[in-house]
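K.L.:
structure of the sequence below:
(chains A and B)
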Protein chains: 2
Amino acid sequence: MGIKIHGSPMSTATLRAVAAAHEKELDFEFVTIDMKSGAHKQEPFISLNPFGQVPALEDGDVKLFESRAITKYIAYNYESKGTPLVYNKGKEMADLAVWMEVEAHQFDPVASKLAWELVYKSMFGMQTDNAVVEENEAKLVKILDVYEARLSKSKYLAGDSFTLADLHHLPTLHYVLGTKEKKLFDERPHVSAWSKDILARPSWGKSLALQKQT
Amino acid sequence: MGIKIHGSPMSTATLRAVAAAHEKELDFEFVTIDMKSGAHKQEPFISLNPFGQVPALEDGDVKLFESRAITKYIAYNYESKGTPLVYNKGKEMADLAVWMEVEAHQFDPVASKLAWELVYKSMFGMQTDNAVVEENEAKLVKILDVYEARLSKSKYLAGDSFTLADLHHLPTLHYVLGTKEKKLFDERPHVSAWSKDILARPSWGKSLALQKQT
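P.N.:
Coordinates of the predicted model:
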């Protein structure tokens, strides 16, 4: 039984898992979950994720959910294939843990809100809430200042190699860079170079291509 | 140079890191950061965490922040000491990753909002927002149903041993169980037994004792 990733190409969390699978050069089947019809809240999907959220992964007997748990499973379980995406010891492993948490608890909440207000809402014909945009733009400025300082010391967030700490940013980074907030990235040379570098990875191009197929 | 944990005994994130250090029987110094005076937003603390949030850890040359990165560092770096808090391979490692993400992205946002509305706000003489309580109570019901199903299959969230996936819940679990939401836990036998079991761990008692010293 091969690897299956169940999700939606419009979901940032799904694209995060798919990008990790491409980095590891895994042969996997993508199973589209039709979120418009609510398939993620029904069987058979909720047997894969009881919280009814995409993505979920099946790999033989292993069934798991939460995008960042899926990327970790892929990175550690297929360590010998494709790009090494994790560090296994010492200070680099500690830095990897820190910057993975920074993505999840600092960057993602802010970038997701901006993507929702400035990208998804207009797709759905909804009105942008400018107060929410301003509040999150102010937060993003502070976060990117910390990133600029960090990326002036190492090429990637967890050290000199591309890891899950960088990869986890890809989907929200992609969306936010398509909005007026791009200027905040352009103003910071290290952040700008890092964004361009990671978004140019073939794994990301292959992940985004899913949106054209459906 | 010994291990130092910088933080505030009133911070749930700080107590999470302290509980992990006690589980590993580490000899560490607790450095109180006076959040009332804004010490967490100033030097020397912001050199430890540029986001200005507690806790931060120093262990020789290693300096790190984000409570769940600190617990992971402690668990992996001191693997041979105290309680084993992680799994290193196979399906159990994958389950550990899933349930650590569930705590961070499902349980914690809801439990933290309930703790804020029902515990911290009254400490600060602020008014509880009942609409926020109701919204999060409804979310907690769904989350605890998933936990009940999971804990009917294994004693702890990631398998049959206590791990970081359980430990990370301790501080918010402690606060929420001190509110009227306790009934939601009492109604679910496996959730109720799990909560009592993990809150009775000596590491948690020692962590909470910090609040009496200050």
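K.L.:
and A:Glu58, that one's in a strand?
P.N.:
Yes: the secondary structure assignment for A:Glu58 places it in a strand, going by DSSP: H, G, I helix; E, B strand; the rest coil.
K.L.:
who does it bridge with?
P.N.:
Legend: beta-bridge partners of A:Glu58 under DSSP bridges are A:Lys4, A:Lys63.
K.L.:
try A:Thr32
P.N.:
With DSSP bridges applied, A:Thr32 shows beta-bridge pairing to A:Gly7.
K.L.:
A:Pro9 is in contact with that one, correct?
P.N.:
Yes: under the criterion of CB atoms under 8 Å, A:Thr32 makes contact with A:Pro9 at 7.3 Å. Where you see a C-beta, it was placed from the backbone N, CA and C, and this is true even at glycine.
K.L.:
of these two, give the one with the bigger neighbour count.
P.N.:
It is A:Pro9, of A:Thr32 and A:Pro9, that has more neighbours when counted by other CB atoms under 10 Å in any protein chain shown, with 18 against 15.
K.L.:
which SS state does the residue lying closest to the more buried one once chain neighbours are set aside fall under?
P.N.:
Computed as CB to CB, 6 or more residues apart in numbering or on different chains, the closest residue to A:Pro9 that is not its neighbour in sequence is A:Leu210, at 4.0 Å. Assigned with three-state DSSP, A:Leu210 falls in the helix class.
K.L.:
list the contacts of A:Leu210.
P.N.:
A:Pro9, A:Leu15, A:Val18, A:Phe30 (CB atoms under 8 Å, 6 or more residues apart in numbering or on different chains).
K.L.:
what sits up against stretch A:102-112?
P.N.:
When contacts are taken as CB under 8 Å, 6+ apart, the neighbours of stretch A:102-112 outside the stretch itself are A:12, A:68, A:136, A:139-140, A:143, A:146, A:157, A:165, A:168-169, A:172-173, A:175-176, B:51, B:66, B:104-105.
K.L.:
so for the longest helix seen in chain A, what's the average pLDDT?
P.N.:
Longest helix of chain A, by residue count under DSSP state H: helix A:130-151. Confidence over helix A:130-151, taken as the mean pLDDT, stands at 98.
K.L.:
counting neighbours, what do you get for A:Gly2?
P.N.:
Neighbours of A:Gly2 under the rule other CB under 10 Å: 10.
K.L.:
using the three-state scheme, assign the closest residue in space to it that isn't next to it in sequence.
P.N.:
Leaving out its chain neighbours, the residue that sits closest to A:Gly2 by CB to CB, 6+ apart is A:Glu29, at 6.0 Å. The three-state assignment at A:Glu29 reads strand, by three-state DSSP.
K.L.:
quick check: the gap between A:Glu29 and chain B.
P.N.:
The gap separating A:Glu29 from chain B is 19 Å, by CB to the nearest CB, to the nearest Å.
K.L.:
got the residues of chain A near chain B?
P.N.:
Contacts of chain A with chain B, taken as CB under 8 Å from any CB of the partner chain, map to A:50-51, A:61-62, A:64-66, A:68-69, A:72-73, A:76-77, A:91, A:93-95, A:97-98, A:100-102, A:104-106, A:142-143, A:146, A:149-150.
K.L.:
tell me the buried residues within these.
P.N.:
Of the members of the residues of chain A next to chain B, the ones counted as buried by neighbours, 16 or more other CB atoms under 10 Å in any protein chain shown, are A:50-51, A:64-66, A:68-69, A:72-73, A:76-77, A:91, A:93-95, A:97-98, A:100-102, A:104-106, A:143, A:146, A:150.
K.L.:
where do the helices of chain A begin and end?
P.N.:
Using DSSP H, the helices of chain A run over residues A:12-23, A:45-48, A:67-77, A:90-102, A:108-115, A:121-123, A:130-151, A:164-167, A:170-176, A:182-186, A:189-199, A:202-213.
K.L.:
what's the domain layout of chain A?
P.N.:
For chain A, the structural domains run A:3-84, A:90-203, going by automatic domain parsing.
K.L.:
rewinding a little: quick one: which of the helices of chain A is nearest B:Leu118?
P.N.:
Closest to B:Leu118 of the helices of chain A, according to CB to CB: helix A:108-115, at 22.3 Å.
K.L.:
what score does A:Thr214 have for pLDDT?
P.N.:
On the pLDDT scale, A:Thr214 is placed at 55.
K.L.:
look up how far A:Pro84 lies from the nearest residue to A:Ser154 once chain neighbours are set aside.
P.N.:
Taking CB to CB, 6+ apart as the measure, A:Ser154 lies nearest to A:Asp160, with 5.7 Å between them; neighbours along the chain are not counted. When distances are taken as CB to CB, to the nearest Å, A:Asp160 and A:Pro84 turn out to be 12 Å apart.
K.L.:
for chain A, name the helix or strand with the lowest mean pLDDT.
P.N.:
Comparing every helix and strand of chain A by mean pLDDT, DSSP states H and E singles out helix A:121-123 as the least confident one, with a mean of 90.
K.L.:
list the contacts for A:Val133?
P.N.:
Taking CB under 8 Å, 6+ apart, we find A:Val133 in contact with A:Leu114, A:Glu117, A:Leu118.
K.L.:
swap in 10 Å and give it another go.
P.N.:
Contacts for A:Val133 (CB atoms under 10 Å, 6 or more residues apart in numbering or on different chains) come out as A:Lys113, A:Leu114, A:Trp116, A:Glu117, A:Leu118, A:Thr179, A:Lys180, A:Glu181.
K.L.:
out of those, which are buried?
P.N.:
A:Lys113, A:Leu114, A:Trp116, A:Glu117, A:Leu118, A:Thr179, A:Glu181.
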